[in-house]
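S.K.: quick one: sequence plus predicted model below, questions after.
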Amino acid sequence: MRVGIDLENIDRMNEKLLAKICFESEKRWLSNFSDITVKTHMASLWVAKEATIKALGVGDMREVELVHENSKPSILLHGKMLEKFKELNMTEIEISISHTKEQAVCIVIMK
């Protein structure tokens with residue numbers, strides 16, 4: 001089992017920062033939110049990617065995709081991160097994201 005966790009201040013988020021790391025699906029997801037809440041969701045995206053990288057011990061945010069099915073977040077890996085996941089004989093990724101007005105946090109568990 002591998003575990004990664006990340007905590008981030010929401011006020012640090014901006015579109016320029018995330019434009020470099022987002023998949024088109026993530027950009028579409030973020031476009032669903034108002035200006036008031038979009039930074040919170042940007043931070044959720046950021047911490048999910050960081051926690052995933054920490055769980056694997058290596059990685060690139062552009063190879064971690066946050067998806068939502070029925071409002072439940074999950075992670076899709078691409079490229080070298082997917083290769084590393086398979087190399088470690090991992091088969092499952094569990095993710096939990098939460099936030100306050102100021103911070104977002106995510107934990108990722110790989111089995």
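M.R.: Sure, I can see it.
S.K.: and the least confident helix or strand in the chain by mean pLDDT, what does it pack against?
M.R.: Using mean pLDDT, DSSP states H and E, the weakest-scoring helix or strand in the chain turns out to be helix 15-19, at a mean of 83. Counting contacts by 3 or more C-beta pairs under 8 Å, 6 or more residues apart in numbering; DSSP states H and E, helix 15-19 packs against helix 24-30, helix 38-56. All C-beta atoms are positioned from the backbone trio N, CA, C, and that covers glycine.
S.K.: and the pLDDT for the residue nearest the centre of the chain?
M.R.: Centroid-nearest residue in the chain, with C-alpha atoms, centre = their mean: A48, separated by 2.4 Å. pLDDT for A48: 97.
S.K.: what about it, distance to N89?
M.R.: Distance of A48 to N89, given as C-beta to C-beta, to the nearest Å: 22 Å.
S.K.: go on, R62?
M.R.: Taking C-beta to C-beta, one finds R62 at 24 Å from N89.
S.K.: comparing these two, which residue is more hemmed in?
M.R.: Legend: neighbour count by other C-beta atoms under 10 Å for R62 and N89, higher for R62 (14 against 7).
S.K.: contacts only, for that one.
M.R.: K20, I21, F23 (C-beta atoms under 8 Å, 6 or more residues apart in numbering).
S.K.: repeat the analysis, applying 7 Å as the threshold.
M.R.: By C-beta atoms under 7 Å, 6 or more residues apart in numbering, R62 lies in contact with I21.
S.K.: do T91 as well
M.R.: K111.
S.K.: any idea whether it is helix, strand or coil?
M.R.: coil (DSSP: H, G, I helix; E, B strand; the rest coil).
S.K.: identify the residues contacting the helix or strand hosting P73?
M.R.: Per DSSP states H and E: P73 is located in strand 72-77. For strand 72-77, contacts defined as C-beta under 7 Å, 6+ apart pick out A48, T52, E63, V64, E65, L66, V67, F85, I93, I95, I97, V108.
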